[in-house]
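Engineer: Here's my sequence, what's the structure:
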Amino acid sequence: MQKFHLSTFVKCIFVAITTTTCASVSPSAPIRHGFELKIDRSAGKITKLQYHYSDFSNLINSTEFPWRTIKISDMPIPEYFEVSWLSLDGIEHQEKIPVRGHLPISVKNNDVQFVIMKDSVQGYVSRFTSDGEVKTRFY
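Structural biologist: Here you go, the predicted structure:
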């Protein structure tokens, strides 16, 4: 009969746990979270709003503050959030915002929010606590 050392057993357990943990946070693994896109007051009215987040895309011909869209689902965290729009002054804006690997906290059961400003987009992770909404900016 073969002897099994405790150190070998511990190493096997460590490998099993780490492998399982790494597999559970795979980039393509769906995570329950929300996606929210809002227009800030500074942006005013915009046209030709087009965006893509994970498996969610849309094209909206015309909208203005206080417009927003929300989707809560099991979806993968995308590598990028892509958005483009035309502002009232005729300037076309386009942003490709890094998401996966740039989030400061877990998004599980939280929201990833993007806010269209006058000339840019801001990205946040939003979570609700007993004190209300807490937003952490990542872009």
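Engineer: can you give me the helices for this structure?
Structural biologist: Per DSSP state H, the chain carries helices over the ranges 6-24.
Engineer: Can you pull out the low-pLDDT segments for it?
Structural biologist: By pLDDT under 70, the low-scoring segments of the chain are 1-27.
Engineer: Name all residues that make contact with the residue positioned nearest the centre of it.
Structural biologist: Nearest to the mean C-alpha position of the chain, by CA atoms, centre = their mean, lies V112 at 4.2 Å. Neighbour list for V112: 33-36, 53, 77, 81, 99, 103, 123-126 [criterion: CB atoms under 8 Å, 6 or more residues apart in numbering]. For the C-beta atoms, the positions are set from N, CA and C on the backbone; glycine is no exception.
Engineer: For I72, give the beta-bridge partners.
Structural biologist: For I72, the beta-bridge partners are G34 (DSSP bridges).
Engineer: burial count for it?
Structural biologist: Applying other CB atoms under 10 Å, we find 12 residues neighbouring I72.
Engineer: Might one say that it is in contact with I31?
Structural biologist: No - contact criterion CB atoms under 8 Å: I72 and I31 do not qualify, at 11.4 Å.
Engineer: before we move on, back to that, I'd like the contacts of V112 as TSV, with distance to S87 appended.
Structural biologist: Output for those, formatted as TSV (distance: CB to CB, whole Å):
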residue	distance to S87
H33	29
G34	26
F35	23
E36	21
Y53	21
I77	29
F81	19
V99	23
L103	28
G123	19
Y124	22
V125	26
S126	25
